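>>> Got a predicted structure here, sequence first:
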Amino acid sequence: ALMAIDNGPQQRSSSLFGMHSREEVLSKYFNIKPLFAPQAISAPEDLLNVEMFYSALPHTENVRAVFNSMHRASIAPNDAQDMFDAGATICATGIDLAVPAIRNMTEEVRSHLRYRGILSANAYCSPDGAGFSEHYDPRVVTVIQLVGTKGWEFSNAPFELNPLRVGYDNHTRETLLREH
């Protein structure tokens, strides 16, 4: 993961990256180790809350229900609450298309890193005791915990660097550092 942000006691920070410069993010963290930036979002409830999440679903790219067994299916947005009540995590792909504050956040990341590749935001809503089991993501991920609690484990050494790269943007730290 590139960074993890929690919603603990609030204090304003200049960016999602805390006080880290673009060069520092790319040379010390990007595809190297997690960057933990607690309280980087001053008012997470303004970014997204449960009511906003459900209202945004019809305007996202895709909505999926994923159960603890990792069984998943695309669903209609109006089925999301029933699937959540049945124990599924609801996944909204492309939430940035539907929520201006999240779109602004992704653009801040794009601007800070001067990134020209694919950049999108997904949102997940899990019932108590549910969520994804241990896994890796085949891309750089930013995690923002908005509501509730969850145990997160990060490692400075990846199990495998960029697994399953096929089909994803292949920018490397060196490519990003060379650009501008």
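Received the coordinates, thanks.
>>> going forward, measure contacts and count neighbours with C-alpha atoms only.
Fine.
>>> Regarding the protein, what is its longest helix?
Using DSSP state H, we find that the single longest helix of the chain is helix 100-113.
>>> Paired strands for the helix or strand following it, with orientation please.
On the C-terminal side of helix 100-113, the nearest following helix or strand under DSSP states H and E is strand 122-125. Its sheet considered, strand 122-125 pairs with strand 89-93 (antiparallel) by DSSP bridges.
>>> Do I have it right that His59 meets Asp96?
No - His59 is beyond contact range of Asp96, at 9.4 Å (criterion: Cα atoms under 8 Å).
>>> So for the two, which sits in the more crowded spot?
Asp96 (24 against 17; other Cα atoms under 10 Å).
>>> Point out where the protein drops to low pLDDT.
1-15, 18, 39, 135-140, 147, 154-180 (pLDDT under 70).
>>> Would you mind listing the residues in contact with Asp58?
Check again: residue 58 is Pro, not Asp. If you count contacts by Cα atoms under 8 Å, 6 or more residues apart in numbering, Pro58 has them with Pro77.
>>> how close does it get to Ser27?
38 Å (Cα to Cα, to the nearest Å).
>>> With Pro77 instead?
Following Cα to Cα, the distance that separates Pro77 from Ser27 is 40 Å.
>>> Between those two, which is the more surrounded one?
More crowded of Pro77 and Ser27, by other Cα under 10 Å: Pro77, with 19 against 15.
>>> For that one, list the residues it contacts.
54, 57-58, 63.
>>> Those residues in strands, which ones?
Using DSSP state E, the members of those that fall in strands are Val63.
>>> can you list the contacts of Pro77 in JSON lines and add distance to Ile118?
JSON lines is the format used below for the contacts of Pro77 (distance: Cα to Cα, whole Å):
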{"residue": "Tyr54", "distance to Ile118": "25"}
{"residue": "Leu57", "distance to Ile118": "21"}
{"residue": "Pro58", "distance to Ile118": "22"}
{"residue": "Val63", "distance to Ile118": "19"}
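>>> For Ala101, list the residues it contacts.
Residues near Ala101 by Cα under 8 Å, 6+ apart: 46-48.
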